[in-house]
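> Need a 3D model of the sequence below.
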Amino acid sequence: MKRPQHKYPFLLWSLLLIAISSCNGPAGTKTTGKDTTVAEAVKLKTANFQQTINDKKVKLYTLKNSTGASVAITNFGGRIVSLMVHDKNGVLTDVVLGHDGLTGYQTKPENYFGAIIGRYGNRIAKGKFTLAGKTYQLDINDGVNTLHGGFKGFYDQVFDAVQPDSSSLELTYTSKDGEGGYPGTLNVKVVYNVTADNAVRITYTATTDKITIINLTNHAYFNLNGEGKGSILNHLLTIRADAITPVDTTLIPTGQLQTVKNTPFDFTKAKTIGADINNQNEQLKNGKGYDHNFALNKHSLTQSVATVSSPNSGICMDIYTNEPGLQFYSGNFLTGKTHDGKGGKVYGYRSAFCLETQHFPNAPNQPAFASTVLKPGQTYHTVTEYKFSVNK
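Residues are numbered from 1 along each chain as shown. Below is the predicted model:
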């Protein structure tokens, strides 16, 4: 049963009318009297992340900058476990969903919380594609399709980790030829940085010894109220995209572009996530809410492609990328049936959103979409940045 659309009091509506489409000012730098690390702030026990998986050691790594912003990452799946930024009152707030230890990430099949997604983020129709005259069959793990790399995608692999300094982490992984059905031995490097201006920058590079396909992203689930603090339907969202790639009932793009104008998908001006989410619309029905790729307008890495903010916390996030697409997912399959979030929190229906930078879903089977082919001698390189500030 669909959740009824949230009703806002008159005062909040008045504030929304004057909201703008980008974040204002630098993030606050007020501290709580000491240099609070992520592990201390969210009471993560590092011992819960120390384990040997696939004969590799797994640990929890903490990155931070001079303002106190910090991120905790495990090399199991390269997952962002916690991301602490200051709210409008200067209080450090964790804005990503996650678990208190590795067990929570291992006991749920295809648990994507905070993970690096590969070899191919999003869906490939029926798990098939043809490359250089050869047809490949991938894992079928999402109905009739392949999703996020299959049963043992990068979210389920242990990356080798090196932390060169307090604000960065380098993760590497070698995906063997045939893993998940993908051709070529793929050497992947993902670098996380917490920047001085309160951004989490993710830089992806990869090379292959055989022609293959690749589409890497990160699957962080955000709630800018604070993880576990209710619905995200009141968040203000702007996506600088005039079109989406509409999908069929299995969430595979039709191959067309569809204008967002006069549809619930028009986020070209800031509006709440919940404003139109319950409208009678075929695409919303197919996705059970928002679960769609937005074809981003022409942009560079210096231009924000999306902005989202919480009126509760004042926390604002801008996204920068050189990718052509952005998958907006409104947490439609979160159930709240368990208390296995950090600190025993419940992650209920639409209590988080994802904004995944990417090439388009099913691009290997859609010649009109930007290519995701990587050849020997080429280097895959893409950058995404989630930058935080405060609206007071």
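
> now the strands for the stretch 101-250 of the chain?
Assigned by DSSP state E, counting those that start in this stretch, the stretch 101-250 of the chain shows strands spanning 116-117, 123-124, 128-131, 134-137, 146-147, 160-165, 168-175, 186-194, 199-208, 212-213, 217-218, 236-239, 243-244.

> Stretch 293-307: end-to-end distance?
16 Å (Cα to Cα, to the nearest Å).

> Ignore what I typed, I meant stretch 359-369.
End-to-end distance of stretch 359-369: 8 Å, with Cα to Cα as the criterion.

> Just the residues contacting it, thanks.
Contact with stretch 359-369 is made by 120-125, 128-131, 213, 215, 245, 247, 251-253, 255, 293, 295, 323-325, 327, 370-373, as judged by Cβ atoms under 8 Å, 6 or more residues apart in numbering. Glycine gets a C-beta too; all of them are placed from N, C-alpha and C.

> Enumerate the positions of it that are buried.
Within stretch 359-369, the residues scored as buried using 16 or more other Cβ atoms under 10 Å are 359-366, 369.

> farthest-separated two in those residues?
His359 and Asn365 (12.6 Å; Cβ to Cβ).

> Give me the buried subset of the contacts of stretch 359-369.
So, by 16+ other Cβ under 10 Å, the buried ones in those are 120-125, 128-129, 131, 213, 215, 245, 247, 251-253, 293, 295, 323-325, 327, 372-373.

> quick one: the helices in the stretch 1-150 of the chain?
Applying DSSP state H, counting those that start in this stretch to the stretch 1-150 of the chain gives helices spanning 10-17, 38-41, 102-106.

> Tell me where the model's unsure across the stretch 1-150 of the chain.
1-22, 24-42, 108-110 (pLDDT under 70).

> Can you convert the buried residues of stretch 359-369 into CSV and add a column each for distance to Val308 and pLDDT?
Converted to CSV, the buried residues of stretch 359-369 look like this (distance: Cβ to Cβ, whole Å; pLDDT from 0 to 100):
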residue, distance to Val308, pLDDT
His359, 22, 98
Phe360, 21, 98
Pro361, 21, 98
Asn362, 26, 98
Ala363, 25, 98
Pro364, 30, 98
Asn365, 31, 98
Gln366, 28, 97
Phe369, 25, 98
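
> from those residues, which ones fall inside helices?
Using DSSP state H, the subset of the buried residues of stretch 359-369 located in helices is empty.

> what's the closest of the residues you listed to Thr146?
Asn362 (9.5 Å).

> now the closest one: how far from Asn145?
Distance of Asn362 to Asn145, computed by Cβ to Cβ, to the nearest Å: 8 Å.

> which residues do these two both contact?
Common neighbours of Asn362 and Asn145 (Cβ under 8 Å, 6+ apart) are 123-125, 252.

> Okay, now the sheet partners of the helix or strand hosting Asn293, with direction.
Per DSSP states H and E, Asn293 falls inside strand 291-295. Sheet pairing of strand 291-295 (DSSP bridges) gives strand 243-244 (antiparallel), strand 325-329 (antiparallel).

> Outside of the next helix or strand after that strand itself, list whatever touches it.
Once the chain leaves strand 291-295, the next helix or strand it forms, by DSSP H and E, is strand 306-309. Contact with strand 306-309 is made by 19, 21-23, 222, 224, 235-240, 267, 270, 315-319, 326, 353, 355, 391, as judged by Cβ under 8 Å, 6+ apart.

> Who are the contact partners of Gly118?
149, 153-154, 175, 188, 214-216.

> hmm, try it at 10 Å
Residues in contact with Gly118, defined by Cβ atoms under 10 Å, 6 or more residues apart in numbering, are 78, 148-149, 153-155, 157, 173, 175, 180, 182, 186, 188, 190, 204, 206, 214-217.

> now Leu326
By Cβ under 10 Å, 6+ apart, the contact list for Leu326 reads 217, 239-241, 244, 292-296, 305-306, 319, 354-358, 384.

> roughly how far apart are it and Pro367?
Leu326 is 22 Å from Pro367, by Cβ to Cβ.

> just Thr238 next, same as before
Taking Cβ to Cβ, one finds Thr238 at 31 Å from Pro367.

> what do you get for Asn279?
Taking Cβ to Cβ, one finds Asn279 at 32 Å from Pro367.

> now the helices for the stretch 251-392 of the chain?
Under DSSP H, counting those that start in this stretch, the stretch 251-392 of the chain gives helices at 282-287.

> Now do the buried residues in stretch 74-90.
74-88.

> My error: substitute stretch 194-208 in the last question.
Residues of stretch 194-208 classed as buried by neighbour count (16+ other Cβ under 10 Å): 194, 198-208.
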